[in-house]
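S.K.: Please work out how this folds:
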Amino acid sequence: MMRRNSGRTLLEVLISMSLILFLTGSVALVLRLSRERMERMETQLRLEESGTIAMSMLVRDLAESRQSSVLSVDDQLLVFPVPRDLAGQFLVEPDGRLRWSILVGYRKYEPEGRSYLIRQVADIDDSVEGPPEPQTMSPIPDPAYWETQGSRTRKVAEGFQSLKFSNDGKKSILELYLSLENHNRQYGLHLKSGVYPRN
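M.R.: Below you'll find the predicted structure:
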């Protein structure tokens, strides 16, 4: 009578171990790729959200100014007056003229090697004759000006690269460029909007 061997041969054990290792490696690879994709999507979403918020703030603020009163320097600084006070109240004189009371500035800010677009607001001498011209202000509203004014500062967008301003006589054109890096991969966003100043 022949006895049957109920154990496994060495070859069977090696094949089953190889299959288990292959399946485990495949699952680990799929999980790693999924995590990287999720991180890339989060980076792109963060960039798009930041850019959308920044552009909506820029458009809202710029729409309340005048094209002739906008100072744009090297695609890194945009300054213009707005007829509001520091609390955000719209200022109108009893005779209907606007009272230009604050200066709004958007500029690049780079702490610790990270680049941000920041919004700064400074109180200026009220003017009812028309908006002050930032180009003729003394001192010019450069980054040092904002620090001496004790202005209110808010980070608006991360990954700031440039902010271009132009006008064609009827409307102003804003172009905002943002860029972030994640896992040695660069993500960019270019937003463009037309603004019709109302004042």
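S.K.: mind checking which helix or strand the most centrally placed residue in the chain is in?
M.R.: When Cα atoms, centre = their mean is applied to the chain, the residue found nearest the centroid is residue 157 (2.5 Å). Assigned by DSSP states H and E, residue 157 falls within strand 152-158.
S.K.: what's the neighbour count on residue 10?
M.R.: As a burial measure, residue 10 scores 7 neighbours (other Cβ atoms under 10 Å). (Each C-beta comes from the backbone N, C-alpha and C, glycine too.)
S.K.: Residue 100 too?
M.R.: As a burial measure, residue 100 scores 26 neighbours (other Cβ under 10 Å).
S.K.: Which strands and helices lie in contact with the helix or strand that contains residue 48?
M.R.: Secondary structure assigned from DSSP H and E places residue 48 in helix 10-63. Packing partners of helix 10-63 (3 or more Cβ pairs under 8 Å, 6 or more residues apart in numbering; DSSP states H and E): strand 77-82, strand 116-127, strand 152-158, strand 172-182, strand 185-195.
S.K.: swap the cut-off to 7 Å and go again
M.R.: Contact here means 3 or more Cβ pairs under 7 Å, 6 or more residues apart in numbering; DSSP states H and E; on that basis helix 10-63 packs against strand 152-158, strand 172-182, strand 185-195.
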